[in-house]
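S.K.: Based on what follows, work out the 3D shape:
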Amino acid sequence: MLKSFLTVLVTFFISQHAIAEGLKVVILGTGTPVMKPERSGPGVAVLSGGKAYIVDSGAGMVRKAIEASKTHPELKASNLDMLFLTHLHSDHTAGLSNMILAPWVLRREHPLKLFGPPGSKHMADTIISAYSEDIDMRINGSQPANLNGYKVETTEFSASGTIFEDDNVIVEAIKVPHGSWEHAYGYKFTEKSTGKTAVISGDTAYSEAIIDAATDADILVHEIISERALSKRSEEWQIYHKSFHTLPSEIADIANKAKPRVLVLYHQLYWDEEDNRLAEEVMEAGYNGKIVSANDLDVFQ
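M.R.: Here you go, the predicted structure:
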C-alpha cells in the first residue's frame, strides 16, 4: 500500500516537473529595420526535448544563440539545424547566411533543415552559391571540415497547416496579413509530452488566424508597433505601417480574445526611446493579462 502511494506520488512529481521544465521560448532578437544596438534582428528559439527550433534569422542570431547556450545547451552553434522563416523581408533573413555557414564551421555535421514560404529555397541556394569559394576552401583546403554541414534541405509551403512534426513538437504554419506580402506566416508549436503551446506571430497586421491559433496558448509572442511613435510619422508612413503591423489596441483585442498565459511583445517598432513603452500602450488599450515587453535573451516557459 505504501509502495503504491509512493509510486503515485513520484509519478505526480515527475509529471509536474515535466510540465514546469517543458517547452521554453528564448527571445534571440526583438528588433526591426529601425536599427537599435541593444536589439538584434528578429528571431525566436523554441526549446523542447533537448532541441532548438529557430523562427527567423535576423542579424546576429548565431551570436545570440551562442550567448544563450551558456544556460541552454540546445542553442550551441553546432546544434542549430532547424529554421522556420515567417517571410522573406530582409530584417528576418539578414542572418540566414550566418545560420547556414557558421554552425558548419563550428562543427555542425548535417544539413540545415529550412522551412519557409515560396522563395526560401532560392534564397538559401543563392547564398550557398555566393559563398562557393569559401565553401571550397574550407572543404579542399587545410582546414578540417565535413561535407554536409553547409548544405540546406528546404521545405516550402504556401498555405496554413501542419508543416513539421517530430518526437518533440508539432509545428503549424498560420497565414497572416502582412501588407502586400503574398506569403507571410506565424507559427504554432505544440509540445507532445506536455501539451504546452507557443505561438509566434511573425510580422502581421490584426489577424483572426492568430487569435484562433493562440487561444489558451501558454505563450503568445507577438509583434507590435507603437501608436505613439506612429502618430508622429507622415500620413503615407501611417498608412503603410497600419497595413503591415499590429497596433497596441489591436493586440489588446487579440490577447483579450485568445487569453494566452503570457503575452510577449517582440519585433518592437518605435523610433525614439521615449516611445519605448509598448506594454504600457497595450495595457492602456484595455489588456490586463500578463504581458512582457521582451528584451533579447529573455526566456519564457
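
S.K.: Around residue 209, how many other residues sit close by?
M.R.: 16 (other CB atoms under 10 Å). Any C-beta I mention is one placed from the backbone N, CA and C, and that applies to glycine too.

S.K.: Show residues contacting stretch 96-112.
M.R.: Contacting residues not belonging to stretch 96-112 are listed as 54, 57, 61-62, 77-83, 85, 123-124, 127-128, 130-131, 134-135, 138, 145-146, 148-153 [CB atoms under 8 Å, 6 or more residues apart in numbering].

S.K.: which stretches of the stretch 51-200 of the chain form helices?
M.R.: Using DSSP state H, counting those that start in this stretch, the helices assigned to the stretch 51-200 of the chain run over residues 61-68, 90-93, 96-105, 120-130, 132-140.

S.K.: helices or strands up against the last one?
M.R.: Helix 132-140 sits against helix 96-105, with contacts defined as 3 or more CB pairs under 8 Å, 6 or more residues apart in numbering; DSSP states H and E.

S.K.: could you give the mean pLDDT of the helix it packs on?
M.R.: Confidence over helix 96-105, taken as the mean pLDDT, stands at 97.

S.K.: Let's see it as PDB, backbone CA atoms only.
M.R.: The C-alpha trace of helix 96-105 is given here as PDB (Å, rounded to 0.1, in the frame of the first residue of the first chain):
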ATOM      1  CA  LEU A  96      20.500  33.500 -43.000                       C
ATOM      2  CA  SER A  97      24.000  33.200 -44.400                       C
ATOM      3  CA  ASN A  98      25.400  33.000 -40.900                       C
ATOM      4  CA  MET A  99      22.800  30.400 -39.900                       C
ATOM      5  CA  ILE A 100      23.800  28.300 -42.900                       C
ATOM      6  CA  LEU A 101      27.600  28.600 -42.600                       C
ATOM      7  CA  ALA A 102      28.700  29.500 -39.100                       C
ATOM      8  CA  PRO A 103      27.300  26.400 -37.400                       C
ATOM      9  CA  TRP A 104      29.000  24.300 -40.100                       C
ATOM     10  CA  VAL A 105      32.300  26.000 -39.300                       C
END
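
S.K.: Now render the helices of the stretch 51-200 of the chain as CSV, adding distance to residue 25 and mean neighbour count.
M.R.: Supplementary listing: these in CSV, determined by distance: least, CB to CB, whole Å; neighbours: other CB atoms under 10 Å:
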stretch, distance to residue 25, mean neighbour count
helix 61-68, 11, 21
helix 90-93, 17, 21
helix 96-105, 18, 22
helix 120-130, 22, 15
helix 132-140, 33, 13
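
S.K.: OK, contacts around residue 116?
M.R.: For residue 116, the residues meeting the contact criterion (CB under 8 Å, 6+ apart) are 83, 84, 85, 86, 88, 154, 155, 156, 157.

S.K.: any idea how far residue 187 is from it?
M.R.: 11 Å (CB to CB, to the nearest Å).

S.K.: Do you have the strands of this protein handy? List them.
M.R.: 24-29, 43-48, 51-55, 82-84, 112-116, 152-156, 161-165, 169-175, 185-191, 197-200, 219-225, 262-269, 291-293, 299-300 (DSSP state E).

S.K.: Dump those to CSV, plus distance to residue 278.
M.R.: Output for the strands of the chain, formatted as CSV (distance: least, CB to CB, whole Å):
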stretch, distance to residue 278
strand 24-29, 14
strand 43-48, 17
strand 51-55, 20
strand 82-84, 24
strand 112-116, 27
strand 152-156, 33
strand 161-165, 30
strand 169-175, 22
strand 185-191, 18
strand 197-200, 17
strand 219-225, 5
strand 262-269, 5
strand 291-293, 5
strand 299-300, 16
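
S.K.: Surely residue 295 is in contact with residue 26?
M.R.: No. The pair residue 295 / residue 26 is not scored as a contact, 11.6 Å apart, by CB atoms under 8 Å.

S.K.: out of those two, which sits in the more crowded spot?
M.R.: Neighbours were counted for residue 295 and for residue 26 using other CB under 10 Å; residue 26 has more, 25 against 12.
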